[in-house]
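Undergrad: Sequence first, predicted coordinates after that:
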Amino acid sequence: QFAQSDPINEFVFYSIDQDTNNLYLCGHRPTGYGSNDIILCKILKSDLSWVDGVAYGGAGADHAYGIVVDGSSLFVVGSTASEGAAGAAVVLKYNTNLVLQVRRVLDGAGGEFFTAVAIDSTYVYAYGNSGNDLLIAKYDKNLNIQRQITFSTTGIDTNYRNGIAVDSNGVTILFAAAQS
């Protein structure tokens with residue numbers, strides 16, 4: 001937990017989403033000795049006043065890059081070095097009171113991380129990297145993994161994962177910029 005009086009200039013925000021009354025921001029903040037914690041903030045839309053903020057992390061570098069609101073749940077994606085040797089992709093489920101409900105860590109051999117998240121009526125889709133390859137993972141709303149796939153990106157700079165969306169027909173759409 002942290003307060004509005006914490007030095008906000010040290011926070012790095014990557015993503016924002018909203019519900020009827022609130023804005024939710026995610027990112028990271030430095031914790032010292034080269035590590036970071038994932039942060040999640042809640043701000044009242046009507047007057048942009050601070051409601052609450054929470055941190056998630058450990059001794060390693062932890063970052064949040066994407067957030068999506070789904071009714072009374074928030075899904076946050078990013079990376080954690082606190083729970084994986086080479087860095088691992090992480091998906092966190094919070095309620096709208098910023099209480100952590102479920103966490104899932106996807107730790108492979110190549111330094112995984114998620115940069116974007118999308119939902120449909122049944123599933124949560126996370127998008128990012130597994131080493132130098134594209135990574136997409138599909139979870140149910142309780143964050144039980146349903147499927148995980150990677151796409152080889154040999155010869156392509158994969159540092160530009162911009163987003164993921166799911167259309168009304170269940171077609172997953174990836175947004176990325178690449179350089180060869």
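TA: That came through fine.

Undergrad: Check which residues of stretch 27-41 are buried.
TA: Within stretch 27-41, the residues scored as buried using 16 or more other CB atoms under 10 Å are G27, H28, R29, T31, S35, N36, D37, I38, I39, L40, C41. Quick note: C-beta positions are derived from backbone N, CA and C, even for glycine.

Undergrad: actually stretch 81-92, not the one I wrote
TA: Here stretch 81-92 shows A81, S82, E83, G84, G87, A88, A89, V90, V91, L92 as buried, counting by 16+ other CB under 10 Å.

Undergrad: By pLDDT, give me the weakest of these.
TA: Per-residue confidence across those is lowest for G84, with 62 (pLDDT).

Undergrad: circling back to that earlier point, closest to W50 out of the buried residues of stretch 81-92?
TA: For W50, the closest of the buried residues of stretch 81-92 turns out to be L92, at 20.8 Å, with distances computed as CB to CB.

Undergrad: Confirm that the closest one sits in a strand.
TA: Yes - with the criterion set as DSSP: H, G, I helix; E, B strand; the rest coil, the secondary structure at L92 is a strand.

Undergrad: on that earlier part again, and the buried residues of stretch 27-41, which two are furthest apart?
TA: Spanning the widest gap among the buried residues of stretch 27-41 are S35 and C41, at 19.4 Å by CB to CB.

Undergrad: so where do the helices sit in the chain?
TA: The residue ranges that make up helices in the chain, judged by DSSP state H, are empty, as it has none.

Undergrad: Any regions of it where pLDDT drops low?
TA: Confidence mapping of the chain against pLDDT under 70 gives the ranges 1-10, 32-34, 84-86, 109-110, 153-162, 171-180.
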